[in-house]
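pasted the sequence and its predicted model underneath.
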Amino acid sequence: MRQPIKCICALVITLTFFQGACGEGEQDDRSPAGNAASPSPSASPASTGGIDLDSLSQQELFNLRRTLDQEIKNQISNKACSNDSQCRSIAFGEKSCGGPDSYLVYSTQQTDASQVESKVALYNRVDKRWDEVRGGVSDCRFIEEPRVECMASACAGTTNQ
């Protein structure tokens, strides 16, 4: 049975933001203990060219990861398209045992693909380092890359999972 990736993405985004919205005052289980979650100026995405991720503190990694996540999702939020060739997917995040955490679907009609690819590559490196620092554990479940298409003038993806 095919399941629209649009719904899966909405669920992932909802679950991601659910912790922050409903858990105000509580700590995100992926955030470093006892630290504020505001972005660190020394680890801003604009200054990551040449930054050694190994030299960043746990808090700086967390902040950079969160900032990149928000920037990428904002950048690809407009999924408008006029044909299938304008739709793409990209592996997003790194499981500690290998493979992507998920896939994002975006429109090349609305988004510069090279910018998305560059920012996602940086996010994936930061996410991998974050998992190493916090001793992340993964479900190691295979995540199938979605088949993308322009449906009802918006990019969407479907999988067999």
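Alright, I've got the coordinates. Residues are numbered from 1 along each chain as shown.

in stretch 97-112, which residues are buried?
100-107, 109-111 (16 or more other CB atoms under 10 Å). In short, each C-beta sits where N, CA and C put it, glycine included.

tell me which two in the residues you listed are the farthest apart.
The span of the buried residues of stretch 97-112, defined through CB to CB, is set by Asp101 and Gln109 at 25.9 Å.

can you get me a residue count around Met151?
16 (other CB atoms under 10 Å).

for it, name its beta-bridge partners.
Ala154 (DSSP bridges).

give the buried residues for whichever helix in the chain runs longest.
Ranked by residue count under DSSP state H, the longest helix found in the chain is helix 113-134. Going by neighbour count (16+ other CB under 10 Å), the buried part of helix 113-134 is 116, 119-120, 122-124, 126-131, 133-134.

so, low pLDDT: which residues of the protein?
Scanning the chain with the threshold set as pLDDT under 70 gives 1-50, 161.

how about the helices of it, start to end?
With DSSP H as the criterion, the chain has helices at 5-22, 58-75, 113-134.

and the angle from the second one to helix 113-134?
Same thing as helix 58-75. If you take axes from the mean of the first three to the mean of the last three CA atoms, to 10 degrees, helix 58-75 sits at 150 degrees to helix 113-134.

put the alpha carbons of helix 58-75 into PDB.
Extracted in PDB, the C-alpha atoms of helix 58-75 (Å, rounded to 0.1, in the frame of the first residue of the first chain):
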ATOM      1  CA  GLN A  58      27.600  19.600  23.100                       C
ATOM      2  CA  GLN A  59      25.400  22.700  23.400                       C
ATOM      3  CA  GLU A  60      26.900  24.300  20.300                       C
ATOM      4  CA  LEU A  61      26.200  21.100  18.300                       C
ATOM      5  CA  PHE A  62      22.700  20.900  19.600                       C
ATOM      6  CA  ASN A  63      22.000  24.600  18.700                       C
ATOM      7  CA  LEU A  64      23.600  24.200  15.300                       C
ATOM      8  CA  ARG A  65      21.600  21.100  14.600                       C
ATOM      9  CA  ARG A  66      18.300  22.700  15.600                       C
ATOM     10  CA  THR A  67      19.000  25.900  13.600                       C
ATOM     11  CA  LEU A  68      19.900  23.900  10.500                       C
ATOM     12  CA  ASP A  69      16.800  21.700  10.800                       C
ATOM     13  CA  GLN A  70      14.600  24.800  11.000                       C
ATOM     14  CA  GLU A  71      16.300  26.600   8.100                       C
ATOM     15  CA  ILE A  72      16.100  23.600   5.800                       C
ATOM     16  CA  LYS A  73      12.500  22.900   6.600                       C
ATOM     17  CA  ASN A  74      11.600  26.500   6.000                       C
ATOM     18  CA  GLN A  75      13.600  26.600   2.800                       C
END
